[in-house]
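A.B. asks: Need a 3D model of the following:
(chains A and B)
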Amino acid sequence: MKISEMSQFMNLECIQSVYDDATVASAYTSDLLSDVMANAREHSVLITIQAHKNTIAVATLVEISAIIVCNNRPVPEDMVAAARTERICIYTTGDNQFTVSGRLYAALRTG
Amino acid sequence: MNPLPISADSSPSYMLELLFRLKIRDAMTTHLVTAQRQDSLRTVQELMKQNAITGVPIVDGKRLLGLISVDDVIRALDDGYIDEKVGPRMTRNLIVLEDDMPLSFGISYMEKYRFGRFPVLNKGKELIGIITSRDIIVALLLEINREMEKLEQQNLPNPEVTKGRTRKVFQTRKFDFENAGKASSAIKRILKDKNVDATVTRRIATAAYELEMNQVVHSTGGRLSFTLDSDRAEVVATDSGPGIEDVELAMKEGYSTATEWIRSLGFGAGMGLANSKRVSDEFSIESEPGVGTTVRSIVYLKGKTDENQ
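C.D. replies: Reported below is the predicted structural model:
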């Protein structure tokens, strides 16, 4: 599954579309940046409510390819700009982390 | 020849090399004030006064015949022959230097003969300059200055030990979340450019990020020094306060003194130090309340060796 294909089965809005449309290897759900730093895998999708510039810093270091911001959390412009520079995709959704994680997990399981 | 004022055996080789590399002609003055045999001693005295010098070579064209020093003029005034010609009164038995002699000869001559100046001749025995101790000091200062600049630019005090080393220092500021993570990102880029293994890079970047965020969140500001050698990467985080009361407690996963609003940003979960230690092959932390904290993390590029496990 490609990053761009996630919106086909989830209620996602892409707000940062300058990215390399890579294959989604896995995903990690966390709002603790240290935890993301320690445990998220490379080329994965980060499911979180942490919508600020420092999320991009962590995502860059871990090489996360896309971020899904849940619960309709507003995404500040400097976060979008930083993500554009780093070519990281940002989706927003009204769903919570549980729902998004479950849907993505099922989709990745079935391929 | 008298020895130099510094030891030829134990002085820095650079200094000795410099004293022999520089030639007399590099330091001498080529602006010559001279007089002729038939000029009077009073004329020479005037020349000294006008040019603020203490010695005037007496020449025939480019051939050096002798020298009148300020001592000769004083004696002439004392003994009342100041209006006589210089020819019979000048010093003929002169010590001269050659232009392609090393500057060290000039220093030795100054030590040995205690003259204020030496005429400088070229291979053809023509007078081409004059050298004083001041000229030597100026030439040495300029050359040492040039070399120091070169050394500072390299920023490598010992080229032997620091061969192939990459070093970079980053500043962090309290609550500067705007720039937080920039140092770690820069460090990661360096590692990527140097083709360091991805897993190893991730460990170094994690340590750097946690230590950087710790400084932003907890310290009054600090410095992150990154050093990459052929076998290891080192991150040293040094801040200037406030220091940690109980280091053992601070190392415990989940313990944090972060405020609520810092936690709301996803920081302050008490994982930072524990994370950095976990990814490090060598880890140390020193802290003194009121002084500051230094954390050192080392990651081996080829993974842990057996003796370090």
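A.B. asks: all contacts plus neighbour counts: C-alpha atoms, from now on.
C.D. replies: Will do.
A.B. asks: any idea where the strands of the stretch 1-150 of chain B begin and end?
C.D. replies: B:55-60, B:63-69, B:97-98, B:117-121, B:127-132 (DSSP state E, counting those that start in this stretch).
A.B. asks: for chain A, which spans come out with low pLDDT?
C.D. replies: Within chain A, the segments meeting pLDDT under 70 span A:111.
A.B. asks: Tell me the residues on it that lie near chain B, please.
C.D. replies: Where chain A comes near chain B, counting by C-alpha under 8 Å from any C-alpha of the partner chain, the residues are A:31-35, A:37-38, A:50, A:52-54, A:57-58, A:60-62.
A.B. asks: which one of those residues is nearest B:Glu286?
C.D. replies: A:Ser34 (21.8 Å; C-alpha to C-alpha).
A.B. asks: So the residue nearest to B:Gly268 when sequence neighbours are not counted versus chain A, what's the distance?
C.D. replies: Among residues not flanking B:Gly268 along the chain, B:Ala258 sits closest, at 5.0 Å (C-alpha to C-alpha, 6 or more residues apart in numbering or on different chains). Look at B:Ala258 and chain A: by C-alpha to the nearest C-alpha, to the nearest Å, they are 13 Å apart.
A.B. asks: give me every residue that touches B:Ala258.
C.D. replies: Residues in contact with B:Ala258, defined by C-alpha atoms under 8 Å, 6 or more residues apart in numbering or on different chains, are B:Val217, B:His218, B:Phe267, B:Gly268, B:Ala269.
A.B. asks: The second one: neighbouring residues, count only.
C.D. replies: With neighbours defined by other C-alpha atoms under 10 Å in any protein chain shown, the count for B:His218 comes to 21.
A.B. asks: who's in contact with A:Leu46?
C.D. replies: Contacts of A:Leu46 by C-alpha under 8 Å, 6+ apart are A:Ala27, A:Tyr28, A:Thr29, A:Ser30, A:Ala40, A:Ala59, A:Ile64, A:Ala66, A:Ile67, A:Ile68.
A.B. asks: if you set the cut-off to 10 Å instead, what comes out?
C.D. replies: By C-alpha atoms under 10 Å, 6 or more residues apart in numbering or on different chains, the contact set of A:Leu46 is A:26-31, A:36, A:40, A:55, A:59, A:64-69, A:90, A:101.
A.B. asks: For chain A, what's its nearest residue on the stretch 51-200 of chain B.
C.D. replies: B:Gly181 (5.5 Å; C-alpha to the nearest C-alpha).
A.B. asks: and the spatially closest residue to that residue that is not a sequence neighbour, how far is that from B:Gly80?
C.D. replies: Nearest non-adjacent residue to B:Gly181, counting by C-alpha to C-alpha, 6+ apart: A:Ala57, 5.5 Å away. Distance from A:Ala57 to B:Gly80, counting by C-alpha to C-alpha, to the nearest Å: 90 Å.
A.B. asks: These two: who's more crowded?
C.D. replies: For A:Ala57 versus B:Gly80, neighbours defined as other C-alpha under 10 Å are more numerous around A:Ala57 (24 against 10).
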